[in-house]
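1. need a structure here:
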Amino acid sequence: MRLLLLSDIHANPWALSAVEAAAGPVDQVLFGGDAVNYGPEPGAVIEWLHRHNAVGVRGNHDQAVAWGQAVVAPTPKGALGKLLWDWTRAQLGREELTYLRALPLSLLWEGEGIRFQMVHATPPDPLYDYRLRPEASEALFAEVCSGVQAEVLLLGHTHFALQHAQGPLTVVNPGSVGQPLDRDPRAGFALWEDGQIRLMRVAYDQTPLLKALRKLPLEASQIEELIQSYQEARV
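-> So this is what the prediction gives:
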């Protein structure tokens, strides 16, 4: 069984296409949330997830766009995301909004006897918790993973890739496909194959992305700030 693990695509189909090409054929796509917002092509990403029968969960930006609920961090990047909620929602039709609203907060998926628990942030706090970053303590991993009944816990949200063994449980965050924040602008993803997980990166041409970003309904200074965050992969 070969699985493609994705999270935090953020309406960036150019990064997603590069990931698809780099990953090659897979049996299933598992998705850790945040299909939309920040990026300029939310509909294209939702269509891709639907076409590939991706199994996944709702992220905080999916929730914000689908219901207009404030679920972003109080940072400059979060403020830009909030400005784009209404615009993103206006780009989506009824079926696409229904798709976002139907995504669960948590999901258990099983393949070949391996259980994958999916949640965008953490099991205790599926939308908001940013604590599980690569530098998180053993005590925090133990606290957050307590009660998880699966072999693999798939997370997203932080835009930082990690793989951590917590007893018999493997915690994996594949990083962000569409908007990395770890100073590496390449698209992040992971492959699961026969019990082995590989965290991977792939470069893509940002030219069409940056051209589309310049058309967003933001002030010129805000657009430049957003473009810089993509080019430099940082907040």
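2. okay, and for this structure, where does confidence drop off?
-> Judged by pLDDT under 70, the chain has its weakly predicted residues at 70-78.
3. Secondary structure element holding Leu4?
-> Per DSSP states H and E, Leu4 falls inside strand 2-6.
4. Need the CA coordinates for whatever helix or strand comes next after that strand. PDB is fine.
-> Next helix or strand after strand 2-6 toward the C-terminus (DSSP H and E): helix 13-23. Extracted in PDB, the C-alpha atoms of helix 13-23 (Å, rounded to 0.1, in the frame of the first residue of the first chain):
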ATOM      1  CA  PRO A  13      -2.600  24.100  -7.200                       C
ATOM      2  CA  TRP A  14       0.900  24.700  -8.700                       C
ATOM      3  CA  ALA A  15       2.600  23.300  -5.600                       C
ATOM      4  CA  LEU A  16       0.000  20.500  -5.500                       C
ATOM      5  CA  SER A  17       0.700  19.500  -9.100                       C
ATOM      6  CA  ALA A  18       4.400  19.300  -8.400                       C
ATOM      7  CA  VAL A  19       3.700  17.100  -5.400                       C
ATOM      8  CA  GLU A  20       1.500  14.800  -7.500                       C
ATOM      9  CA  ALA A  21       4.200  14.400 -10.100                       C
ATOM     10  CA  ALA A  22       6.900  13.800  -7.600                       C
ATOM     11  CA  ALA A  23       4.900  11.200  -5.600                       C
END
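5. what comes up buried for helix 13-23?
-> Pro13, Trp14, Ala15, Leu16, Ala18, Val19, Glu20, Ala22, Ala23 (16 or more other CB atoms under 10 Å). C-beta coordinates here come from the backbone N, C-alpha and C atoms, glycine included.
6. what's the longest helix out of those in the chain packed up against?
-> Criterion DSSP state H: the longest helix present in the chain is helix 76-91. Identification of packing neighbours for helix 76-91 by 3 or more CB pairs under 8 Å, 6 or more residues apart in numbering; DSSP states H and E yields helix 42-51, helix 60-67, helix 220-232.
7. In what element of secondary structure is the closest residue in space to Ile46 that isn't next to it in sequence found?
-> Nearest residue to Ile46, sequence neighbours excluded (CB to CB, 6 or more residues apart in numbering): Glu96, at 4.8 Å. Here Glu96, judged by DSSP H and E, is contained in helix 94-102.
8. Can you add distance to Val57 and give the buried residues of helix 13-23 back as a markdown table?
-> Converted to a markdown table, those look like this (distance: CB to CB, whole Å):
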| residue | distance to Val57 |
| --- | --- |
| Pro13 | 20 |
| Trp14 | 23 |
| Ala15 | 20 |
| Leu16 | 17 |
| Ala18 | 23 |
| Val19 | 18 |
| Glu20 | 20 |
| Ala22 | 23 |
| Ala23 | 20 |
